[in-house]
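[1] this one's structure only:
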């Protein structure tokens, strides 16, 4: 079975494809995605932003299932920032390095560094929202970057069961517990329950 994903983030796309392959599902990007003007993410929650993106992009893939995710980092000591603006925390063109720098700067020497990754995946077809799925993983923020794997805030996100950051963990390790993988597994379960997979 093929499901279409609307994301220009190659790191996210790789994670989805790894998780989908295990389930025997093919994940493809919407044809011509680069030429489609992205919608403005105006929601104040991951759920709202994921839904508005899925509904919007599904109109460009007639009669196909389309999913979009909205995900990010919530740091308790920063009132759950960066939250829905995780990708642009340091500005529209800041990038991962600048975003990580700003989290570290804002935390300073704060002792409570508890945090979580959150992902919400919304599924739509022909402009109609079908369902949404949420996944979370708890951890904490390190004082310095550790590891070069992954993307986003992975070098800062320490996951206690592994004893290392997501930036130090292997791809397989991360995919087994990540917020995005959890939400994606919920999506697969929904499709199976709806007999979409036969």
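    Sure, I can see it. Just so it is clear, the model here is predicted, and its values are computed rather than measured.
[2] CA only for contacts and neighbour counts going forward, please
    Fine.
[3] could you pull out the strands for the chain?
    2-5, 26-29, 65-75, 81-82, 114-125, 128-141, 157-159, 164-165 (DSSP state E).
[4] Including mean neighbour count and distance to residue 101, could those go into JSON lines?
    Compiled in JSON lines, the strands of the chain are given as follows (neighbours: other CA atoms under 10 Å; distance: least, CA to CA, whole Å):
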{"stretch": "strand 2-5", "mean neighbour count": "19", "distance to residue 101": "30"}
{"stretch": "strand 26-29", "mean neighbour count": "17", "distance to residue 101": "31"}
{"stretch": "strand 65-75", "mean neighbour count": "25", "distance to residue 101": "14"}
{"stretch": "strand 81-82", "mean neighbour count": "18", "distance to residue 101": "12"}
{"stretch": "strand 114-125", "mean neighbour count": "24", "distance to residue 101": "16"}
{"stretch": "strand 128-141", "mean neighbour count": "19", "distance to residue 101": "12"}
{"stretch": "strand 157-159", "mean neighbour count": "25", "distance to residue 101": "13"}
{"stretch": "strand 164-165", "mean neighbour count": "22", "distance to residue 101": "16"}
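[5] Minimum distance to residue 108: which of those strands has it?
    strand 128-141 (11.0 Å; CA to CA).
[6] can you list the weak-confidence ranges in the protein?
    195-198 (pLDDT under 70).
[7] Please check which residues sit opposite the residue at minimal distance from the centre of the chain as beta-bridge partners.
    The centroid of the chain falls nearest to residue 71 when counting by CA atoms, centre = their mean (3.9 Å). Beta-bridge partners for residue 71, by DSSP bridges, are residue 119.
[8] Isn't it up against residue 133?
    No - Residue 71 lies out of contact with residue 133 (CA atoms under 8 Å); the separation is 11.4 Å.
[9] Out of the strands of the chain, flag the one nearest residue 40.
    strand 65-75 (12.6 Å).
[10] other SSEs contacting that closest one?
    strand 2-5, helix 46-58, strand 81-82, strand 114-125 (3 or more CA pairs under 8 Å, 6 or more residues apart in numbering; DSSP states H and E).
[11] Show me the contact partners of the longest one.
    Pointing back at helix 46-58 there. With contact meaning CA atoms under 8 Å, 6 or more residues apart in numbering, helix 46-58 is reached by 6, 39, 41-43, 64-71, 84, 119-129, 132.
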